[in-house]
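Visitor: A structural model of the following input is requested.
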Amino acid sequence: MRHDIYLYLLVMSAVTLAIRIVPLTLIRRQIKNRFLRSFLFYVPYVTLAVMTFPAILETTQTPVSGALALAAGIALAWYGASLFKVSAACCLIVFCVEWMLLG
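Guide: Sure, this is the predicted structure:
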């Protein structure tokens, strides 16, 4: 049983290293394809959104508070508010909406 943990760690390490090493060894010159460059540019943002979006709606006690905070956060970020202001406003909205709904 204890040896399984080491096998899992070994496989996880190999996959992590392969993901980082294979592109460096296979792609030696600059990527000139506009579509591929655009795709690779947006991958981190899409990955972050896919990981955080479900948590926004599911971690609050009511989905309404999460949805309102999400809408407010998008609006504030769209109009250039700093990350601190967006996160503080979203937390405040969740707190107030849940306080009113759950009293």
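Visitor: other SSEs contacting the helix or strand harbouring Pro54?
Guide: Counting by DSSP states H and E, the element that carries Pro54 is helix 34-58. The contact analysis (3 or more CB pairs under 8 Å, 6 or more residues apart in numbering; DSSP states H and E) places helix 34-58 against helix 63-78. C-beta coordinates here come from the backbone N, C-alpha and C atoms, glycine included.
Visitor: and the contacts of the helix it packs on?
Guide: Residues outside helix 63-78 that contact it (CB atoms under 8 Å, 6 or more residues apart in numbering): 53, 56-60, 85-87, 89-91, 93-94, 97-98, 101.
Visitor: only the buried subset of the residues you listed, as a ChimeraX command please.
Guide: Buried members of these, defined by 16 or more other CB atoms under 10 Å, are picked up in ChimeraX with:
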select :56,60,86,89,90,93,94,97,98
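Visitor: what's the separation between the residue nearest to Leu40 when sequence neighbours are not counted and Phe41?
Guide: Distances taken as CB to CB, 6 or more residues apart in numbering place Ile31 nearest to Leu40, at 7.3 Å, with adjacent residues excluded. As judged by CB to CB, to the nearest Å, Ile31 and Phe41 stand 11 Å apart.
Visitor: still on that earlier bit, what's the burial count for the residue nearest to Leu40?
Guide: Per other CB atoms under 10 Å, the neighbour tally for Ile31 reads 10.
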